[in-house]
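Could you look at this predicted model? Sequence included:
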Amino acid sequence: MIAIQSLSKSYGKHKVLLDINLTFKKGEVSGVVGENGAGKTTLFKCIAGLEPFDGNIEYGGNILKNVTGYLPTELFFFSKMTGAEYLRLVCNARDLKETNITGSNIFDLPLNEYAETYSTGMKKKLALTGLLIQKNEVFILDEPFNGVDIHSNIIIQEIILKLKQLDKIVIMSSHIFSTLNQSCDHLHYLKNGHLKSSVVKGEFEQIEEEMRGDNIGNKLVDLLNLE
Amino acid sequence: MIIYFQLQYKRLFRILKDFGINPYLGMILGVVVFVLLSNTLFDKIAYFEYVYVIIALIAILQLGKTERNDFLKNIYTANNYLKLRLLENLAVALPFALFLLSKNFYACALSVGLFSLLLSFYNNNGQSNFIIPSPFSKRPFEFTIGFRKYYWLFIIIYAVTAISIAVGNFNLGIFAYLGILIVCMSFYSATEPVFYVWVHSQQSTVFLKNKIKTALLYSFFISLPIAGSLICYFPLKALIIIAVGACGALYIILGVVAKYTNYPNQITLLQVFMMSIGMVFPPILLVLIPHFFLKSTKKLNIYLK
């Protein structure tokens, strides 16, 4: 279980996260939603150990960051590096010696081609394969469905389900509510750095309702010079 | 279009500022170093004007990268885009052309100018899908990528070594040997995004030691043909060759440990200065390497547990 206690994060005077208290249990999928800039990615980075923060994150067992697979929204791949070499790199990083790279290619990616030439969806699949191949205990997926085709979307949902069955902790964000409905057991709503509400499956509509943004109709009319 | 060039000027300003140097001073220094270095190389190396033209073309080609050109094509009209490309290519070509003119190499200066105009129509640099086989795929990533980017440089250095042996010029051979080791060191010059450090489940000291091991092992493999052939053809100079190899190994270790001294930012000007002193007076490296190692582990401890 991951227990987050009084987590706060600031960049200079700008407070991004304020007094966040959350728990993520094994075998459960948790969704984090919020508008752009609400602090979702920062929260994910804090959990992953990519950002220093105030407060406490406890995890029973191994060092959390060493068993966490983090899928960022914006992926970076080195130029002139093939897909297979990327996977070998992430395996080496975790001291995994005997890994069958080709056998791990569940998305049928062209692993001998440069990763930089992959499409957006293919890059996401490569990064996701990297997380799976590392045999992580915790999976943090920031917008895993962005840019992937419908078929891959279904596969990713299947993977999340499988991870849940394997007793893994999955934390994810998505702007597509239907994917959260299908995958998540819990949903946490972040607004302006605060945890506004947390609900369980069956109550997600409450958050969807809360999240309906201000009407931009008038601003749009002005911008487009419409009558 | 003026805004584009103003923006480039602002970017240069910020880059120099981030580097820890007063931007105006940095720009003046850049011009001084350019002139001094060009002068020195013209004085020391025969027929350097031809190499100079090639260096100018390589610099101009950097502006032809596909990604940035796709972006520019996207935001500018076709006419403005072409004007912009012509102008920026000429801006890069200008210092080289002026220097060649000052040395009375008119034909070379003219060819730099003409090539810069022609290359404004070539905007697909770096888009090749051809996979260059790399012998360093087992332990990515610096050598894997570095080899693919600079394989042509290795071919040139091997060729220079062969020439040095053919003409019996030991100094040229040693220059090639040290050159290949410095190229290997340069693979560690740019810092990687935080994710690629964070992903390791190692303590910072282990992480750094593994990087050093890989760097030394692969550098040894790639420089072995040069060192081996030099020892075979100049056996009386074996001690010098070994000493240069040891010095190169220290350079490579320096490159690895210096990389993370200001992580996740690039190393500072002061650190570059310290490295330069260390490279000119190698005994200093015995102090500088442990110092940088400690500094790097502190920075890496944020991401590695």
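Happy to help now that I have it.

From now on I want contacts and neighbour counts done on CA atoms only, so please keep to that.
Fine.

Run through chain B and note the low-pLDDT ranges.
B:45-46, B:125-129 (pLDDT under 70).

okay, which residue is most central for it?
B:Ser186 (5.6 Å; CA atoms, centre = their mean).

ok, that one touching B:Gly255?
Yes: with contact defined as CA atoms under 8 Å, B:Ser186 reaches B:Gly255; the gap is 7.1 Å.

Leaving out chain neighbours, which residue sits closest to whichever residue of chain A sits closest to chain B?
Nearest residue of chain A to chain B (CA to the nearest CA) works out as A:Ala93 at 4.2 Å. Spatially, and ignoring its direct neighbours in sequence, A:Ala93 is nearest to B:His200 (4.2 Å; CA to CA, 6 or more residues apart in numbering or on different chains).

residues near that neighbour, how many?
23 (other CA atoms under 10 Å in any protein chain shown).

Now do the contacts for it.
A:66, A:90, A:92-94, B:207, B:304 (CA atoms under 8 Å, 6 or more residues apart in numbering or on different chains).

what's B:Leu82 in contact with, if anything?
With CA under 8 Å, 6+ apart, B:Leu82 has these contacts: B:120-121.

Could you pull out the buried residues of the helix or strand where it lies?
Take DSSP states H and E as the rule and B:Leu82 turns out to sit in helix B:78-102. For helix B:78-102, burial by neighbour count (16 or more other CA atoms under 10 Å in any protein chain shown) applies to B:81, B:84-90, B:92-100.

swap in stretch B:53-69?
Buried, per 16+ other CA under 10 Å, within stretch B:53-69: B:53, B:56-57, B:59-61, B:63-64, B:66, B:69.

now do stretch B:177-192
Per 16+ other CA under 10 Å, stretch B:177-192 contains these buried residues: B:177-189, B:191-192.

does chain A sit close to that stretch?
No: under the criterion of CA under 8 Å from any CA of the partner chain, stretch B:177-192 makes no contact with chain A; the nearest approach is 8.7 Å.

Do you have the strands of the chain handy? List them.
You didn't say which chain, so I picked chain A. Assignment of strands within chain A using DSSP state E yields the ranges A:2-11, A:14-24, A:29-33, A:54-59, A:68-71, A:138-142, A:169-173, A:186-191, A:194-200.

looking at these, which is closest to A:Ile156?
Proximity to A:Ile156, assessed across the strands of chain A by CA to CA, is greatest for strand A:138-142 (10.6 Å).

Counting by contacts, list what that closest one packs against.
helix A:40-48, strand A:68-71, strand A:169-173 (3 or more CA pairs under 8 Å, 6 or more residues apart in numbering or on different chains; DSSP states H and E).

who does the first one touch, helix- and strand-wise?
Helix A:40-48 makes packing contacts with strand A:14-24, strand A:68-71, strand A:138-142 when contacts are defined by 3+ CA pairs under 8 Å, 6+ apart.

For chain B, give the residue positioned nearest to chain A.
Taking CA to the nearest CA, chain B has B:His200 as its residue nearest chain A, at 4.2 Å.

Pretty sure that residue sits in a helix.
No: looking at B:His200 with DSSP: H, G, I helix; E, B strand; the rest coil, it is coil, so not inside a helix.

now it: how far from A:Leu132?
15 Å (CA to CA, to the nearest Å).

Same check on B:Ser111?
54 Å.

Could you do A:Leu141 as well?
A:Leu141 is 12 Å from A:Leu132, by CA to CA.

In terms of neighbours, single out the busier of the two.
A:Leu141 (23 against 17).

so the more buried one sits right up against A:Glu74, yeah?
No: applying CA under 8 Å as the test, A:Leu141 and A:Glu74 come out as separate, 11.4 Å apart.
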